[in-house]
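Trainee: Structure here, sequence nowhere to be found:
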């Protein structure tokens, strides 16, 4: 099998059933996935692993089965949930053994157990960023270093990670701190079971490649080509070209080459660099003389007279067209890398990247920002403290803290004192930390002025209704502000009632001037009130940015513009997440400047539809922000 097999742009599908998606060849997607499985089995720790976006089903199970069959039989294979505890992940104090032995006994963590094998992280899109950070630190060091609870140890932990991303149909993704360390990013959603052909190699081929890997030579030109390709594609992390080089070396070993060649670099660009691209590479330079063969006067050059047979020297016969094509070996490596990456880029890369910038750390389907507290929620570790005042005692953590000190405390007891199994002191008390998620309230502030108000309000109405339909899952609330003439009105207080929203949105007033400052001030006041109530506000402003009514109600564009800019800066200082949709017929500079003053994500949507608005609002809503413990 050639390493170029299965090339082509890959995109997201609608599930693991293999529904046909325009522009995507499921057979090519599966061919690349099979090749990725082989490369991962050649060097799991060197490649870091793979992020696999696919729903639970036979296709995903077949791919995982391939990876496992390619690994040595003795290689460990462990599967962990996203909410695994630190003690089980990294290791720690074995409480039962410690109490029985009277001395600290360490428990071996999963990461030490999987040394030399593969770790499968289920539901990686729900993994906590802190867990991903701990996992990444161990991957970087190649060892687990543990110094707590009276124990100090270091164990080797070199492994690959398969992050199972089951967030099909949503914007949820595994934490960036983890996926940045994984060379491969695969999407099996377009693949059906009928496309899952057998691999062109087996475990014996992978074992031979594993033995050859250490002898594969890496020319300096190959490293330079990958770095140049990463720079052209906007891959800002240094791990991108490093992981691409690891994939190229594994490819050379798999296909029996002594050193990294152009085909290996092209494969690495397609599998590693293209999925990380944040910009389109520059177009290939074209010789102007060849592109526009005209003379200085603008006329096409005259054909030169054809020499006669007597004047023509003896020449070899003209080569066929297929033989006149450029030799791949003569193509510069940098151009080869860019060409392979460009072919794998999705057609809608720019649109996806623009929304991706708005996403930040947001995970769809999770309502509001994450906070720490002592109320109801999910456990999030422990801290030293006394129970009471709503704080709950973590008995196991308290005993774990006290266990290492029992021998010392036992020797310090006065003679004749009755022996106790465990002596717990105040410094040992540990209380639970609870992580909960607040509700999100999306505030739509709509410019209801001018002749185009009807279209803008209709789009806002569609977006609000679409968001309300999602509230049953995301538990979001929405509110609607409209500003026109000389002020702003709250048309829809925060609610998740679809019936009430439709009743309130039946008739929306329009026309008049643009009191932009009043609209921004009203949105900020409402956002402040929502934040004081313990919810997470998101301000969505729909306007063209052209204010003509000042804060005091007087007409005049200069003063109105200054007031709007001052209100925008005040909103930015409040720290609320903001989006600005430019509703101008064409992207306009006033709206762009206003978004910069607000610190808002700017999206020009001259022909916005409700679905696009809903996706953008879901992307920008903050998540993962920690509050007071």
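Mentor: Alright, I've got the coordinates. Everything numeric here is computed off the predicted structure, so don't read it as measured data.
Trainee: what mean pLDDT would you report for stretch 103-122?
Mentor: Mean per-residue pLDDT for stretch 103-122: 87.
Trainee: Would you mind listing the buried residues in it?
Mentor: Residues of stretch 103-122 classed as buried by neighbour count (16 or more other CB atoms under 10 Å): 104-107, 109-112, 114-122. Heads up, the C-betas are built off the backbone N, CA and C, glycines and all.
Trainee: Endpoint to endpoint, that stretch covers what distance?
Mentor: Stretch 103-122 has an end-to-end distance of 35 Å (CA to CA, to the nearest Å).
Trainee: in the stretch 201-350 of the chain, which spans are strands?
Mentor: For the stretch 201-350 of the chain, applying DSSP state E, counting those that start in this stretch gives no strands.
Trainee: Now do the helices in it.
Mentor: Assigned by DSSP state H, counting those that start in this stretch, the helices in the stretch 201-350 of the chain fall at 203-212, 220-232, 239-254, 262-268, 274-276, 288-291, 321-324, 333-344, 349-359.
Trainee: list the helices and strands the shortest one packs on?
Mentor: On a contact count with 3 or more CB pairs under 8 Å, 6 or more residues apart in numbering; DSSP states H and E, helix 274-276 meets helix 333-344.
Trainee: Show me the shaky parts of the stretch 101-250 of the chain.
Mentor: Along the stretch 101-250 of the chain, the parts satisfying pLDDT under 70 run over 102, 148-150, 167-171.
Trainee: can we see that at 80?
Mentor: 101-107, 146-153, 167-172 (pLDDT under 80).
Trainee: now residue 90: how far from residue 119?
Mentor: 13 Å (CB to CB, to the nearest Å).
Trainee: joint contacts of those two?
Mentor: Common neighbours of residue 90 and residue 119, counting by CB atoms under 8 Å, 6 or more residues apart in numbering, are residue 111.
Trainee: Do you know the pLDDT at the residue nearest to residue 193 when sequence neighbours are not counted?
Mentor: Spatial nearest neighbour of residue 193, excluding adjacent residues (CB to CB, 6 or more residues apart in numbering): residue 58 at 5.2 Å. The score at residue 58 is 91. That number is its pLDDT.
Trainee: Kindly report the same for the one 5 residues further on.
Mentor: According to the prediction, residue 63 has pLDDT 94.
Trainee: what's near enough to touch it?
Mentor: Counting by CB under 8 Å, 6+ apart, residue 63 has contacts 33, 34, 37, 52, 54, 186, 188, 196.
Trainee: can you check residue 199 too?
Mentor: Applying CB under 8 Å, 6+ apart to residue 199 gives the contacts 34, 37, 38, 66.
Trainee: For residue 504, give its distance to residue 79.
Mentor: From residue 504 to residue 79 the distance is 49 Å (CB to CB).
Trainee: ditto for residue 53
Mentor: From residue 53 to residue 79 the distance is 17 Å (CB to CB).
Trainee: can you give me the helices in the stretch 501-629 of the chain?
Mentor: Counting by DSSP H, counting those that start in this stretch, the helices of the stretch 501-629 of the chain are 516-532, 557-574, 589-598, 610-620.
Trainee: ditto for the stretch 1-150 of the chain
Mentor: Along the stretch 1-150 of the chain, counting by DSSP H, counting those that start in this stretch, helices occupy 26-42, 44-47, 58-70, 86-90, 95-101, 110-113, 129-141.
Trainee: I'd like these as JSON lines, with distance to residue 158 appended.
Mentor: Formatted as JSON lines, those follow (distance: least, CB to CB, whole Å):
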{"stretch": "helix 26-42", "distance to residue 158": "14"}
{"stretch": "helix 44-47", "distance to residue 158": "4"}
{"stretch": "helix 58-70", "distance to residue 158": "17"}
{"stretch": "helix 86-90", "distance to residue 158": "15"}
{"stretch": "helix 95-101", "distance to residue 158": "27"}
{"stretch": "helix 110-113", "distance to residue 158": "10"}
{"stretch": "helix 129-141", "distance to residue 158": "8"}
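Trainee: wait, which of those is closest to residue 600?
Mentor: In terms of CB to CB, the element of these nearest to residue 600 is helix 129-141, at 24.1 Å.
Trainee: Please list all residues in contact with residue 591.
Mentor: 543, 544, 545, 580, 582, 584, 602, 604.
Trainee: can you count the residues close to the closest residue to it other than its chain neighbours?
Mentor: Spatially, and ignoring its direct neighbours in sequence, residue 591 is nearest to residue 545 (3.3 Å; CB to CB, 6+ apart). When neighbours are defined as other CB atoms under 10 Å, residue 545 has 25 of them.
Trainee: these two touch, right, residue 545 and residue 594?
Mentor: Yes - applying CB atoms under 8 Å as the test, residue 545 and residue 594 come out as touching, 4.5 Å apart.
Trainee: Give me the common contacts of the two.
Mentor: 516, 564, 580.
Trainee: Please name the bridge partners of residue 539.
Mentor: Going by DSSP bridges, residue 539 is paired in beta bridges with residue 443, residue 578.
Trainee: The one 4 residues further on too?
Mentor: Judged by DSSP bridges, the bridge partners of residue 543 are residue 582.
Trainee: Hmm, it is touching residue 590, no?
Mentor: No - counting by CB under 8 Å, residue 543 does not reach residue 590; the two are 9.0 Å apart.
Trainee: The two: which has the busier surroundings?
Mentor: residue 543 (28 against 18).
Trainee: Could you list which residues are in contact with the more buried one?
Mentor: With CB under 8 Å, 6+ apart, residue 543 has these contacts: 445, 446, 447, 514, 516, 519, 580, 581, 582, 583, 591, 594.
Trainee: Lovely, talk soon.
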